[in-house]
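In: fold the following for me, if possible:
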Amino acid sequence: YINKRQILRDLASEYGKSINWVRSVIATAKITSKKINPDGLVIVADVTFFNRFYGFIVFRSPKLKKNLYFKQIPYETIMEYRLGREAIEHQGFTISAVVLDGRPGVRNLFADVPVQMCHFHQKKIIQRYLTSNPKLEAGIQLKAISDTLTSTNEKEFINKLTNWHNKWNIFLKEKTLDFFNPKRWHYTHRRLRSAYRSLNTNLPYLFTYKNYPDLNIPNTTNSLDGSFTYLKEKVRIHRGLRAPIKKKIIEQILGN
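Out: Here you go, the predicted model:
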């Protein structure tokens, strides 16, 4: 942990100025960003949060290694993605493809361009439902299939998923009666069903990057996730600063 006043002292010493001068410069500093030429680009879009109600949505071009749009948001909503796309196109950019984390509804905003579902997020979804070490044989087999995402092709993956579902279809339909109300029931293997449904629903978007090789679409949002990690490290170091200054630091990093 670095004390806020110590940071100010260090900066004042480095520039041979007073602490009040440093405060004034930081408070009045303008956010700068590199200028780039509009072009048809593959976009990676994602959101990161620093606490429950404080986050940023970012649209990034992996090719240019540049964030084209970012905005502070309290919640991740479809509208925020819509505003992001509109802002980018208003700048003159055209989107040739997009990589997303799979949030329901967001894909519909990009129905006119190829959409790639992030493999990293897909595997995280499977892990959330099945854990890293599933106990049921059906879960073990389904996780093994999901683990081949980056090393297989669409046809092979569909065949494996279809064969798995055919094998375990009756098992997936097993029901458990409510102990207190026999008229009520639920599926016994709900988390397993949810894991399969996630893969099956996202299937049309898992191999877009291979179906459009000329576009060089990434199969993950890692170019953004790496930036988010760096960003959070910087914010953690300067966590003693006031919120407006912290926000300015985040925007400066995202803008460069």
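
In: which SSE is residue 41 in?
Out: strand 40-51 (DSSP states H and E).

In: how far does the longest helix that the chain contains sit from the chain's center?
Out: The helix that spans the most residues within the chain, counting by DSSP state H, is helix 154-172. Here the centre of helix 154-172 is set off from its chain's centre by 27 Å, with CA atoms, centre = their mean, to the nearest Å.

In: what residues does the helix or strand following it touch?
Out: Downstream of helix 154-172, the next assigned helix or strand under DSSP H and E is strand 175-177. Residues outside strand 175-177 that contact it (CB atoms under 8 Å, 6 or more residues apart in numbering): 184-188. Heads up, the C-betas are built off the backbone N, CA and C, glycines and all.

In: look at the nearest residue to residue 247 once chain neighbours are set aside and give its secondary structure.
Out: Distances taken as CB to CB, 6 or more residues apart in numbering put residue 72 closest to residue 247, at 6.6 Å, once the chain neighbours are dropped. With DSSP: H, G, I helix; E, B strand; the rest coil as the basis, residue 72 sits in strand.

In: just residue 67 next, same as before
Out: Here residue 67 is strand, with the state taken from three-state DSSP.

In: for it, give me its contacts.
Out: Listed by CB under 8 Å, 6+ apart, the contact partners of residue 67 are 58-61, 227, 254-255.

In: among those residues, name the buried ones.
Out: Buried by 16 or more other CB atoms under 10 Å: 58-61, 227, 254, out of the contacts of residue 67.

In: report the two of the residues you listed separated the most.
Out: Spanning the widest gap among the buried ones among the contacts of residue 67 are 61 and 254, at 13.0 Å by CB to CB.

In: which residues of the stretch 101-250 of the chain fall in helices?
Out: In the stretch 101-250 of the chain, helices defined by DSSP state H, counting those that start in this stretch lie at 119-130, 137-146, 154-172, 190-206, 208-211, 222-237, 243-254, listed in chain order.

In: buried set for the longest helix of the chain?
Out: Here helix 154-172 shows 157, 160-161, 164, 168, 172 as buried, counting by 16+ other CB under 10 Å.

In: ok, what's across the strand from the residue nearest the centre of the chain?
Out: Centroid-nearest residue in the chain, with CA atoms, centre = their mean: residue 46, separated by 4.0 Å. Beta-bridge pairing for residue 46 (DSSP bridges): residue 58.

In: what about it, distance to residue 97?
Out: For residue 46, the distance to residue 97 equals 15 Å [CB to CB, to the nearest Å].

In: got it, and residue 43?
Out: 7 Å.

In: ditto for residue 70
Out: Remark: distance between residue 70 and residue 97 (CB to CB) = 20 Å.

In: where does the prediction get shaky in the stretch 1-150 of the chain?
Out: For the stretch 1-150 of the chain, applying pLDDT under 70 flags the ranges 1-4, 30-39, 53.

In: rerun that using 90 as the cut-off
Out: Scanning the stretch 1-150 of the chain for pLDDT under 90 picks out the ranges 1-40, 48-56, 63-66, 101-105.

In: for residue 46, list the residues it contacts.
Out: 57-58, 100-101, 118, 221, 224-225, 228.

In: wait, doesn't residue 149 sit right on residue 121?
Out: No - counting by CB atoms under 8 Å, residue 149 sits too far from residue 121 to count as a contact (11.0 Å).

In: one step back: more neighbours: which of residue 43 and residue 97?
Out: The neighbour comparison of residue 43 against residue 97 (other CB atoms under 10 Å) goes to residue 43, with 24 against 21.
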